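> okay, sequence plus prediction incoming.
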Amino acid sequence: MRRRFLRRTGWQLGRLRATSIPRLLIHSNQLFAAGNFGQAAHGLEELARAAEARGGRRAARLYLEAGRARIMAAQPADGIEPVQRGLQLLAAAGRSHRLSRSGGRIIAEFVELGFTKEARQITGFMKSIAPDPRSEFKTPDPVRRPSLPAHCP
């Protein structure tokens, strides 16, 4: 008896989780994964504007992802505005650690794709919204995997 109840409850919880994700977000993520970055950016920007209008916390992340999609679509001029808006929202929320990490990652992507002018523009923008001299906006260090010893003790 108890087992059936858990199965039904688990099924209903899974169904609730699946319906709580907006279809446009799922579709945009699928487009991004398929390499249709321009269409994905359009959907992500729409979601970001809606989240910002509701005062949602996810608006900054959505703006940053929309800007990243524009960068990947080789539209750096169109990608700067959503990136800046996302960084502004992070700064306004007082999430300085997230601001420096996200900004550094986006700057690294700009440089990696050859958009150095835009990378300098984002760097200047970040310094203007967070003029703390101790915070350096660097590219994130690559993840180092621990090495195993050659001989077991």
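All right, it came through fine. All figures in this text were calculated on a predicted structure; none of them were measured in a lab.
> hmm, Glu109 and Thr116 touching each other?
No: using C-beta atoms under 8 Å, Thr116 is not in contact with Glu109; the gap is 11.8 Å. Every residue, glycine included, has its C-beta placed from N, CA and C.
> what about the two, which has more around it?
Neighbour totals were compared for Thr116 and Glu109, and Glu109 leads with 19 against 11 (other C-beta atoms under 10 Å).
> output the lowest mean pLDDT helix or strand found in the chain.
Ranking every helix and strand in the chain by mean pLDDT, DSSP states H and E puts helix 2-20 at the bottom, with a mean of 54.
> helices and strands around the helix or strand following it, which ones?
In the C-terminal direction, the helix or strand that comes right after helix 2-20 (DSSP states H and E) is helix 23-34. Judged by 3 or more C-beta pairs under 8 Å, 6 or more residues apart in numbering; DSSP states H and E, helix 23-34 is in contact with helix 37-54, helix 59-72.
> may I see the buried residues of helix 23-34?
25, 28, 31-32 (16 or more other C-beta atoms under 10 Å).
> same question, stretch 47-60
So for stretch 47-60, counting by 16+ other C-beta under 10 Å, buried means 47-49, 51-52, 59-60.
> where in this protein is pLDDT low?
Residue ranges of the chain with pLDDT under 70: 1-19, 131-143.
> residues near Arg120, how many?
Residues lying near Arg120 (other C-beta under 10 Å) number 13.
> please report how far Arg68 lies from Ala108.
11 Å (C-beta to C-beta, to the nearest Å).
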